[in-house]
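Chemist: I would like the atomic coordinates for the input below:
(one chain, ligands or ions: 1)
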Amino acid sequence: MEAIDIIRERAGAEPVRFGLILGSGLGHLSAAVEGVAIDYADLPGFPETGVSGHNPKLVVGLLEGQRVAVLGGRAHYYEHGDPAVMRPALETLKALGAEALLLTNAAGSFRPDIPPGDLMLIRDHLNFSGRNPLIGEPTDARFVNMVDAYDPMLRAALMRAAGDEGIALEDGVYAWYSGPSFETPAEIRALRILGADAVGMSTVPEVILARFLGIKAAAISTITNMAAGMSDEKISHEHTKAMAPLGAAKLERILRAFLRACPPP
Ligand code: HPA
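Modeler: Residues are numbered from 1 along each chain as shown. Okay, here's the model as predicted:
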């Protein structure tokens, strides 16, 4: 059986409106959904993710009255070297009917006005990894247009939701660095000159895939640290996991307000 059939059998066949992908330290947000949880291990094509701080389950159900499919964790390029590792999962979201994908991640900030504990709405990205999940895709559909890849209407709606909740939300450019090592201070200086506002190890390949599949995308970073060389704080995965919950509470409020404000389908 394919993933889509297993999901429909266990969680019902009604279409899903939004897909959500939760980043490091944010996986517990899936508990907010009233619905059915399915282990990735039961879903053919879903990633094996060994990254701690992720919760490798798909939860399909209702959040603020909207039918959503929440991926409690993602696989990253740095785990197995495959930038298209999330493609089967995103294809499944598309088959479930998802119109839009809301992505979250943990990131290091370059901007003192977006300190750890704050959130950043991604306006655009820099693919600093040189990798692309569509390499090897044989059809002309691979020539994906990336203007407004972070959907302007979704961005505006998320900004409004943050405003309604009284939560500060700046927007900025996210640079994808392959990881898993963190960046050097010299790399961070280079990325700042190139126009990045934050750096992280995910999201960009998923946005390229979403665009390819015709799913609108928006993304919010939880800032867990100032980028390498910008503060005395020691950057580590432990630190990322410890800091992510600070932003996660705000993120949950923004996502809930966003979903509440969405007109019925
Ligand atoms: N760099 C890359 N990825 C990250 C960082 C960082 O500083 N913080 C959280 N994820």
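Chemist: What residues does the stretch 101-250 of the chain have near the ligand?
Modeler: Within the stretch 101-250 of the chain, the residues that sit near the ligand (CB under 6 Å from any ligand atom) are 106-108, 177, 182-183, 199-201, 224-225, 227, 235, 240. (C-beta placed from N, C-alpha, C; glycine too.)
Chemist: Identify those among those that sit within helices.
Modeler: Assigned to helices by DSSP state H, the following of those qualify: residue 240.
Chemist: so which helix or strand takes in residue 155?
Modeler: Element membership of residue 155 [criterion: DSSP states H and E] is helix 152-165.
Chemist: what is the mean pLDDT for stretch 75-87?
Modeler: Mean per-residue pLDDT for stretch 75-87: 95.
Chemist: again, but for stretch 195-210
Modeler: On average, stretch 195-210 scores 98.
Chemist: And for stretch 238-257?
Modeler: So the average pLDDT for stretch 238-257 ends up being 89.
Chemist: picking up where we left off before, and the helix holding residue 155, how far from the chain's centre?
Modeler: Centroid separation for helix 152-165 versus its chain: 16 Å, with CA atoms, centre = their mean, to the nearest Å.
Chemist: Name the residues of that helix that come out as buried.
Modeler: 154-155, 157-159, 161-162 (16 or more other CB atoms under 10 Å).
Chemist: In which helix or strand does the residue nearest the centre of the chain reside?
Modeler: The chain has residue 103 as the residue nearest its centroid, 2.5 Å off, counting by CA atoms, centre = their mean. According to DSSP H and E, residue 103 maps onto strand 100-109.
Chemist: same deal with residue 244?
Modeler: helix 237-261.
Chemist: Likewise for residue 73?
Modeler: With DSSP H and E as criterion, residue 73 is part of no helix or strand.
Chemist: show me the contacts for it.
Modeler: 22, 27, 40, 49, 51, 54-57 (CB atoms under 8 Å, 6 or more residues apart in numbering).
Chemist: Need the contact partners of the helix holding residue 155.
Modeler: With CB under 8 Å, 6+ apart, helix 152-165 has contacts from 100, 102, 119, 121, 123, 168-169, 171, 216-218, 220, 250, 253-255, 257-258, 261-262.
Chemist: Filter those down to the buried ones, PyMOL style.
Modeler: Filtering the contacts of helix 152-165 down to the buried ones (16+ other CB under 10 Å) takes a single PyMOL command:
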select buried, resi 100+102+119+121+123+169+171+216+217+218+220+250+253+254+255+257+258+262
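Chemist: Strands of the protein, start to end?
Modeler: Remark: strands assigned in the chain by DSSP state E are 18-21, 34-39, 57-63, 66-71, 100-109, 119-127, 169-176, 198-200, 216-226.
Chemist: which other helices and strands contact the first one?
Modeler: Put plainly, it is strand 18-21. The elements that strand 18-21 packs onto, with contact taken as 3 or more CB pairs under 8 Å, 6 or more residues apart in numbering; DSSP states H and E, are strand 66-71, helix 87-96, strand 100-109.
Chemist: Please export the C-alpha coordinates of it as CSV.
Modeler: Output in CSV follows, covering the C-alpha atoms of strand 18-21 (Å, rounded to 0.1, in the frame of the first residue of the first chain):
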residue,chain,number,x,y,z
PHE,A,18,-2.4,22.8,4.9
GLY,A,19,0.8,20.9,5.3
LEU,A,20,3.1,21.8,8.2
ILE,A,21,6.7,20.8,8.7
